[in-house]
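J.: I'd like to go over a predicted model; first the sequence, then the structure.
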Amino acid sequence: MPETVKPSGTAAKRVPFYRLISLRQLLFWVLIFVITRHFMQGADHFLQLTPEALGKYFTRKWVLIAHITAGGGALILGPLQFWNKFRARYTKLHRWVGLAYLLAILVSSVCATILSFTTAYAVNWAYAFSAQVWVSVWIISTVIAYRAALQKKFKLHQEWMTRSYIVTLAFIVSGLTLKYLLKINFGTFEDISPSLFWMGWSVPLFIYQVVLSTKAKH
């Protein structure tokens, strides 16, 4: 993350908390919250904990629930990592929020790894493989971001945290797109879900890399 000059003296203490966030940042966080809530509502039936509701996930129901819950937490906490004024003024709180984000990803990704090497094969090989690659990219990008922070390479840390969150958002992007395509009978779950899993994280990461390259030229 870029170094920011911290305000000093009593003037800094008088800045109201709400003035630290722009309207655009607030709307983005609210949008993420609403979309995450809507997405997670689609998984509410799993909480019945019955074989009928869980299907192939029944033997690993707690792994699935932990994956969904922790993943939702990572989605909500993510935007706080990119709130510049909050990060500059509340450095320690920013670190704690960052650790909570990392912990949420750790729990969710470990559970996702278990599911991708077990229940995912009940769909087909392509579905399982795409999930395995996806979760690998998620873990690696987050680990690099954390390592960069420990080394105080803050610009590198911010870039990899952005990549980590893009991969986190991919769960929402792929899930909602898949839901829509199934609704219009575009194809079967088995046929289209692997391609959407690849699209959900690879295309946004490519776009982000293009943006970084463009900025580097200026």
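T.: Cool, the structure landed.
J.: contacts, neighbours, all on C-alpha from now
T.: OK.
J.: residues in contact with stretch 24-35?
T.: 75-76, 79, 83, 172 (Cα atoms under 8 Å, 6 or more residues apart in numbering).
J.: now do the helices in the chain.
T.: Secondary structure of the chain (DSSP state H): helices at 10-13, 23-41, 51-54, 61-77, 84-89, 91-116, 125-150, 154-183, 189-216.
J.: returning to that earlier point: ok, and the most crowded of the contacts of stretch 24-35?
T.: Across the contacts of stretch 24-35, neighbour numbers were computed from other Cα atoms under 10 Å; residue 75 holds the maximum, 24 neighbours.
J.: could you dump the contacts of stretch 24-35 to TSV with pLDDT?
T.: Shown next, in TSV, are the contacts of stretch 24-35 (pLDDT from 0 to 100):
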residue	pLDDT
75	88
76	86
79	80
83	74
172	85
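J.: ok, those residues vs residue 124, which is closest?
T.: Checking these against residue 124 with Cα to Cα, the nearest one is residue 172 at 21.4 Å.
J.: quick check: chain neighbours aside, which residue is closest to residue 128?
T.: residue 120 (4.7 Å; Cα to Cα, 6 or more residues apart in numbering).
J.: and the pLDDT for the one you found?
T.: For residue 120, the pLDDT comes out at 93.
J.: got it, and the one 3 residues further on?
T.: The per-residue pLDDT reported for residue 123 equals 91.
J.: correct me, but it touches residue 192?
T.: No. Proximity of residue 123 to residue 192 does not meet the contact threshold set by Cα atoms under 8 Å, at 11.5 Å.
J.: next, give me the two most distant ones among the contacts of stretch 24-35.
T.: The widest separation within the contacts of stretch 24-35 (Cα to Cα) is 21.1 Å, between 83 and 172.
J.: okay, now the unreliable bits of the protein?
T.: The chain contains residues with pLDDT under 70 at 1-23, 25, 84, 86, 217-218.
J.: no more questions from me, cheers.
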